[in-house]
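Asks: Sharing a model that was predicted from the sequence below.
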Amino acid sequence: MKEEILKTYHQESRIKKSISTFIGSTLIIVSTILPCLDRILVWRYPELDVLTDSRGVLISSNIWIGSVYLSPVLIITSYFFKINPKLLFYPLLVFFYSAIVYYSPIFGYDVKFLKLNSWLALLLSAASAFAYILVFTHMKWLKLEENANEVMVEDFRNEYTKLVIENESLKKKQNTLEKN
């Protein structure tokens, strides 16, 4: 039974190459790059780090917030296509990193982009994303095992019901033969 679960697990994780897979994977990659769009644009146009909108908020912050809101939409859209689940590591990595950068001032740290503490935050984000994926892979394994057990119990019930019906019909035939 364990071999069947393992076989099912590997069959579900196998992805065939197709246009749908390409589109879904591209959406995942774009959703990974989007939260970094403000930094990419600031490299190209440094004045974005100085310009503010009518509320006094930096334009680069507005770009970052907009891209953080748009990125999950792309991830959800990618599920309409066949995606490689291993690619989900990268958006998780970026979202964990964004969370660390956003919440670090609360704890008295200031993560500067492409500085030492930025790279440490990236390593922490990678470890967090990897742990997150491991937990959900384990949950998928448990779900498959649970489903296999339910299917086995259902098969036993069906087989038992068939045997009871067959046994009753044989008893009826035996009774009719004994009467004759």
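Replies: Everything's here; your move. Residues are numbered from 1 along each chain as shown.
Asks: got any ranges where this protein has weak pLDDT?
Replies: 1-16, 113-117, 180 (pLDDT under 70).
Asks: Helices of that one, start to end?
Replies: 2-13, 19-33, 37-44, 59-78, 89-103, 116-179 (DSSP state H).
Asks: Isn't residue 53 up against residue 59?
Replies: Yes - assessed by C-beta atoms under 8 Å, residue 53 is found in contact with residue 59 at 6.2 Å. The way it works is simple: take the backbone N, C-alpha and C, and place the C-beta from them, glycine included.
Asks: Specify which residue of these two has the higher count of neighbours.
Replies: Neighbour tally, residue 53 and residue 59, criterion other C-beta atoms under 10 Å: the higher count belongs to residue 59, 18 against 10.
Asks: Roughly how far does the residue nearest to the more buried one when sequence neighbours are not counted sit from residue 60?
Replies: Counting by C-beta to C-beta, 6 or more residues apart in numbering, residue 51 is the residue found nearest to residue 59 once chain neighbours are left out, at 4.5 Å. Residue 51 is 8 Å from residue 60, where distance means C-beta to C-beta, to the nearest Å.
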